Every structure is written in C-alpha cells, then in structure tokens.
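Peer 1: 3D model of this:
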Amino acid sequence: MNFLKEKDLNKQIKSKSIKELDELSQSMREFLIENVSKTGGHLASNLGIVELTIALHSIFDTTKDKIIWDVGHQSYPHKILTNRADKFSTLRQYKGLSGFPKTTESIHDHFDVGHSSTSISAALGMAKARDLNGEKNYIIAVIGDGSIGNGLAFEAMNNVGKTKMIIILNDNEMSISKNVGSLSKTLTKYSAKTNFINRKLTIKKILYKIPILGRIFKRLKDAFKEMIEYNSFFTELGFKYVGPIDGHDIKELKNTINDVKDYNGPILIHVITKKGKGYKFAEEKPYLYHGVSKFDPTVEITEQKKDYSSVFGSKLTNIAKKNKKIVAISAAMTDGTGLTSFKEKYPTRYFDVGIAESHALTFAAGLAKAGYKPFIVLYSTFLQRAYDELVHDICMQNLNVTIGIDRAGLVGADGPTHHGVFDLSYLTHIPNLTIIAPSSFEQLEKALDFANTFTSPLAIRYPRGVDGDYKNDETLKLGKSKIVKKGEDLCIIGVGKMLNTALEVNNLLKDKYDIEIIDAIFVKPLDKNTILKSIKKAKKVCIIEDNQMIGGFGSLILNLISENNLEIKTKIFAYDDIFIEHGDTKLLEEKLKMDAKSIAKTINKWM
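Peer 2: Numbers count the residues shown, from 1 in each chain. Presented below is the predicted three-dimensional model:
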C-alpha cells in the first residue's frame, strides 16, 4: 500500500479494513527504516508502536481527541498518519520536522514533549478542563513501561480519582536500556498471565442470545475478570485494568479500545509490543537502534565510536578497580552514558534506578552517608529534574557524591528539550558544589582522577561527541585554571569544549592581536588570581561558554570584575535567553553566532 499517495490518511484510515491496516503497518515500517537511515533519529521505539498508532488513529479524531505521547520520540508513526510523511526528509534537521510532538507543527499534536513521564499529568489536566467545559472528547495518554516508573507518573495516577481518561501502557520492557525495578517485574508477570480482555467475541454474542447460558457466561466472565484484576497494581489505584493485549494485532487493539473507551472513569490498557519490531537488527539489539545517526539499513550497526561518554565510563571502571567504595548510578541510561563496561565488571556496585533522576540523587546521598563514593551519570537536561535533591540532600550535607553531567551544551537534532545549556546557571550558585568543565578526553580522565580523592559534592560537565584538537592531561588542582597561550592585547577564557573554539578564534585573529587564552577547567571555585592577572594586563576579556548567558560562567567573571572595582572591557559569548531549536550542532552554532568565524568577526569589531 502506497500511503504517500493518500490525500488525507488521517481521515481515510477510519474506513480501511483490518487487512488494509496490516498492509499499512508494513509500509510504514519500511518507510521508517528507509527515512531514519538517511536522517538519523529514534528508530526502535517507533518500529514497535506502529500498530498501536494505527489502531488509535482509526478510532479517534485527533483534531478533537487528544493523544499525549510519552516520551514522544515514538511519535513518528503518528506524524506519518497526520499528513507529515512528505516532510520526513527534513526530520530533526534545522527548520525541519521535529523528532518529538510539537503543537506548533500540527493540530494533531496536543502537548510538547521530550522528557519522560509527563503524559498522565498533562492528560489529566486536559481531562479536567474538558469536564469543566462540559465537552465529550477523549483524552488518551500513551506511556512506556520505563516512563511509568517515574515519580511524576505515580503522582499523576494518585490524583486521577474517577476522571474519565484512557492510559495506554506501551510495554516493551525497554527504556533506552532494559527496564529494571519492581514495577517492571510486575508488568512482566501480567504479561505472562492469560490474555483475557473485555471484548465482543463471536462466542459471547452467541451465548448471550441463550438466556440461561448467557447469564452463566456473564457470571463466569466477571469472576474470571475479577480474578485477573484482583492483584492488579493499577486496579488498586482506581483504574479499570484491561490486558495485557498484543500490541501488534490491530484487530485485537481496535476491538479492545472500542469496547472500553466509553467507560465512565479512568482506564488503563496494557499493551505488549516489541521494540524494533519488523527489523531484525533493531529487534536483536534495540539499545543500539534507540537513537541512531545515519546508517546503512542493510548492515548491522556496531558499538558507537569513542566519545566523551565512553571515555567517562571506561575511566570510571578503571579507577573503581582500586577504590572498592566507588559505585555507579544511572537513570535508565546505562548505554547512553557509557556505563555498560562498569555494569559488566562490577554488577553489585552498579545501580540502574530507572527513569527516576530525583531518586537517583537522594539514593546516592544515602550511599555517601553510609561511606560509599557514588558517581551518578545523567544528561544535563535530565539533571534539571533533580535540582531540589541536589541542593538539599547532597550539597547542604556536603556529601561525597560526584555527578557526571553528560550532553552539556548543544546536542543537535533532539532540540530544545535536550540541549544542556542551563546547567551552569542552576549549579554555580549552590554552596559546597565544585564544578569542572573538561576541554578534552584527557582532561576528563584527569577530572575523574581528581574526583576519586575529592570528598565533597562535585559536578563534571562534558559535551556530547568526539574530542577537540586541544590536549591536556595535566593533573588537576582544585580551583586552578591553565594559561594555554600567553598574550598582551586580549584575554579569552574558554569553558569546556569551547576552549577549542577560543583556539580557533585565536588562529583567525593572530595576525591582528596578541591573545592570551585561558582554559577555565574549574568553573567553581574560580581561579581568581590567574584570571585577574590576565585581565588586568589586557584590560579586555572575552568569555566563550556553551551555556545560557544569564547566570553562566560569564556572570562569575563580571562579579569578579565588580568585586575588584576594575574597569575591564568585557564581552560574553553564550546563548541568548531563548529555547534553541533542533538541527545540526555546527549549523546551530553558526546561526547563533557561536562558531569561531562569527566570534572572531564580532571580536574584531569590538576591539
């Protein structure tokens, strides 16, 4: 079936037969593999949710009925069915199709998402608003079995009460890494039970026509249903639990959803799917096909190349050999944060807490209180969810906890929900917290050596991707920066990977200005003596950082200048007070005037 030729697939789908819908699912999988292999994106999760998406769209009117996708990276089939298939060549490209639902992109998208576990809360809010308005539309939250283990999802379920809404639990036993924890084990037990669902079977229709047999059948059915639901975790929370059902059987999905969608209260439909469905390589290694760069679909993807994440994981595994008190903690990101080797070598000292960043930090605080040395590794954007725990539970008690902040700065195609451009702004003002921003692989390794002997809260902030040209493997000393190049006319301070940008700027301007370049290394505590000496000499200073301008490293330098009553000409290169869209990282830097050429041009005019 060539669905690309259909003028309005979202409307046409409602009149298609099950056979046609099955053919559509196959066509959509082929389309996804072909297109994502050219642009990169989230693949395995989208292959696994094709039939469920088709079933939902064949039943509901998504211009009125609201489907909230959680996490949202599995919304590609939804985008195909809502007239965006012709834009897939622009997927995650600058000014192109977002990799997540986007309300500004389509009337079929009802909530912007990018982080997990938000769907039930958002859907409940919309359901309450619907009821207040006296409306009758359906509200559906589609949430993964990894996302539902987050505290936010539990808080929402606790608050649902008797509100009419539908939760579809998409259970594929995977987040990015394989799911862990008691809830995951409970769902697995449900999946193993007899698949009893409340739907209109032919045998039921026949029996109901015979009064006595019909009454007997109904009683048996109700008793059997109560037996299955009795131990249901969700039933105890007040939900009508249905499932588990086969998430790749469109007929079964449609029958089930149609039978229960008008239930006057909250209902949870447990759907079993397979991540990577229909594509052998993704089925066998879904973690490698969760988020992919461009690839050849005929060749299996191998392990990813060396990057900051893998360097962090490898080094931590190495130093843990001698320091038996080191433990590592991940929030469902074992592979993404490079901790696979640590997990394999020290399984009893590795803890994956699931998608539960807040818990991860307080859990680490407990370990530290008991004499262990926890290393928590999170993406910068996900650390935002655990701010209070960082302040109260770790820093206020001055505990021996190290946080690896992965994906600091721009991350590219995942866009505004994933750019790590806020961390310096929300970290630098916390007492007792030391912050290191390595500018190379070697410096990241030295930062971990430093962390091994450090006994207070420490954050090590590093970017996504490969190494820059600058190398520095010198031993780190608390609060000490490094003068990379001496000069007289201007001082440029580079933070983290932006030191490499500072060096490029120097190469572009070296014939005009004698520039002194400082590798900040420690964002906090600041190396006041070295920095003051340089800026007093040059009377001019530029700061280059991959963080928002407000509250970033540049603010610390301005404070330093003010404290010392200096008259120093200052220019800060950082990101503006905006949410930065998705696109290739280098292209975004150019558009935001944060690339070396743009910075050199601005400095030349400024000087």
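
Peer 1: just the helices in the stretch 351-500 of the chain please.
Peer 2: Under the criterion DSSP state H, counting those that start in this stretch, helices of the stretch 351-500 of the chain are mapped to 357-369, 380-383, 387-389, 423-427, 441-453, 498-509.

Peer 1: just checking, what packs against the next helix or strand after the last one?
Peer 2: Along the chain past helix 498-509, the next helix or strand (assigned with DSSP states H and E) turns out to be strand 515-519. Judged by 3 or more CB pairs under 8 Å, 6 or more residues apart in numbering; DSSP states H and E, the packing partners of strand 515-519 are strand 482-485, strand 490-494, helix 498-509, helix 528-538. Every C-beta, even on glycine, is put in place using the N, C-alpha and C of the backbone.

Peer 1: again, only using 6 Å
Peer 2: Here strand 515-519 touches strand 482-485, strand 490-494, helix 498-509, going by 3 or more CB pairs under 6 Å, 6 or more residues apart in numbering; DSSP states H and E.

Peer 1: figure out which of those is closest to Ser147.
Peer 2: helix 498-509 (33.4 Å; CB to CB).

Peer 1: keeping just the C-alphas, turn the closest one into CSV.
Peer 2: Provided in CSV are the C-alpha atoms of helix 498-509 (Å, rounded to 0.1, in the frame of the first residue of the first chain):
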residue,chain,number,x,y,z
MET,A,498,34.5,26.0,23.9
LEU,A,499,38.3,26.2,24.6
ASN,A,500,38.7,24.7,21.2
THR,A,501,36.6,27.4,19.8
ALA,A,502,38.8,30.0,21.6
LEU,A,503,41.9,28.5,20.0
GLU,A,504,40.2,28.7,16.5
VAL,A,505,39.4,32.3,17.2
ASN,A,506,43.0,32.9,18.0
ASN,A,507,44.1,31.4,14.7
LEU,A,508,41.8,33.7,12.9
LEU,A,509,42.9,36.8,14.7
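
Peer 1: tell me what angle it forms with strand 515-519.
Peer 2: 170 degrees (axes from the mean of the first three to the mean of the last three CA atoms, to 10 degrees).

Peer 1: and whichever helix or strand Met126 is part of, how far out from the chain middle?
Peer 2: Met126 is part of helix 119-133, with elements assigned from DSSP H and E. A distance of 24 Å separates the centroid of the chain from that of helix 119-133, by CA atoms, centre = their mean, to the nearest Å.

Peer 1: contacts for it?
Peer 2: Contact with helix 119-133 is made by 66, 68, 70, 111, 139, 141, 143, 153, 156, 160, 163, 165, as judged by CB atoms under 6 Å, 6 or more residues apart in numbering.

Peer 1: all the strands of the stretch 51-200 of the chain, in order from the start?
Peer 2: 66-70, 139-144, 165-171 (DSSP state E, counting those that start in this stretch).

Peer 1: need the ones you listed in JSON lines (columns: mean pLDDT, mean neighbour count and distance to Ala447).
Peer 2: Shown next, in JSON lines, are the strands of the stretch 51-200 of the chain (pLDDT from 0 to 100; neighbours: other CB atoms under 10 Å; distance: least, CB to CB, whole Å):
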{"stretch": "strand 66-70", "mean pLDDT": "95", "mean neighbour count": "26", "distance to Ala447": "35"}
{"stretch": "strand 139-144", "mean pLDDT": "96", "mean neighbour count": "27", "distance to Ala447": "34"}
{"stretch": "strand 165-171", "mean pLDDT": "96", "mean neighbour count": "26", "distance to Ala447": "38"}
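
Peer 1: so which of those strands gets nearest Leu526?
Peer 2: Closest among the strands of the stretch 51-200 of the chain, using CB to CB: strand 66-70, at 40.4 Å.

Peer 1: who are the packing partners of that closest one?
Peer 2: Taking 3+ CB pairs under 6 Å, 6+ apart as the contact cut, strand 66-70 packs with helix 119-133, strand 139-144.

Peer 1: circling back to that earlier point, same list (the helices of the stretch 351-500 of the chain) but as TSV, adding distance to Thr602, mean pLDDT and mean neighbour count.
Peer 2: Shown next, in TSV, are the helices of the stretch 351-500 of the chain (distance: least, CB to CB, whole Å; pLDDT from 0 to 100; neighbours: other CB atoms under 10 Å):
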stretch	distance to Thr602	mean pLDDT	mean neighbour count
helix 357-369	37	97	21
helix 380-383	26	96	25
helix 387-389	33	97	15
helix 423-427	21	98	23
helix 441-453	27	97	21
helix 498-509	10	97	22
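
Peer 1: Asn547 is nearest to which of those?
Peer 2: Across those, closest to Asn547 is helix 423-427 (CB to CB), at 4.1 Å.

Peer 1: and the closest residue in space to Ser310 that isn't next to it in sequence, how far from Tyr287?
Peer 2: Leaving aside its sequence neighbours, Ser310 sits nearest to Gly338 (CB to CB, 6 or more residues apart in numbering; 4.5 Å). From Gly338 over to Tyr287 the distance is 13 Å, taken as CB to CB, to the nearest Å.

Peer 1: more neighbours: which of these two?
Peer 2: Each of Gly338 and Tyr287 has its neighbours counted (other CB atoms under 10 Å); Gly338 has more, 26 against 19.

Peer 1: tabulate the strands of the stretch 51-200 of the chain (a markdown table), appending distance to Lys87.
Peer 2: Output for those, formatted as a markdown table (distance: least, CB to CB, whole Å):
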| stretch | distance to Lys87 |
| --- | --- |
| strand 66-70 | 18 |
| strand 139-144 | 22 |
| strand 165-171 | 24 |
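
Peer 1: which residues of the stretch 301-450 of the chain fall in strands?
Peer 2: Using DSSP E, counting those that start in this stretch, strands in the stretch 301-450 of the chain cover 326-330, 350-352, 373-379, 402-408, 434-436.

Peer 1: show me what the third one is packed against.
Peer 2: Okay, so that is strand 373-379. strand 326-330, helix 357-369, strand 402-408.

Peer 1: closest one to Leu81 among these?
Peer 2: Judging those by CB to CB, what sits closest to Leu81 is strand 402-408, at 30.7 Å.

Peer 1: for the stretch 251-400 of the chain, what are the low-confidence residue spans?
Peer 2: 303-304 (pLDDT under 70).

Peer 1: burial check on Leu587, number of neighbours?
Peer 2: Neighbours of Leu587 (other CB under 10 Å): 14.

Peer 1: likewise for Ala122?
Peer 2: 19.

Peer 1: likewise Lys64?
Peer 2: Lys64: 11 neighbours (other CB under 10 Å).

Peer 1: the closest residue to it other than its chain neighbours: neighbour count?
Peer 2: Spatial nearest neighbour of Lys64, chain neighbours left out: Asn137 (4.7 Å); criterion: CB to CB, 6+ apart. If you count neighbours by other CB under 10 Å, Asn137 ends up with 14.

Peer 1: Asn137 is in contact with Thr63, isn't it?
Peer 2: No: using CB atoms under 6 Å, Asn137 makes no contact with Thr63, being 9.6 Å away.

Peer 1: where's the closest residue to Ile148 other than its chain neighbours relative to Ala364, distance?
Peer 2: Residue nearest to Ile148 in three dimensions, not counting chain neighbours: Leu169, with 6.3 Å by CB to CB, 6+ apart. Separation of Leu169 from Ala364 (CB to CB) stands at 29 Å.

Peer 1: swap in Ile143?
Peer 2: 26 Å.
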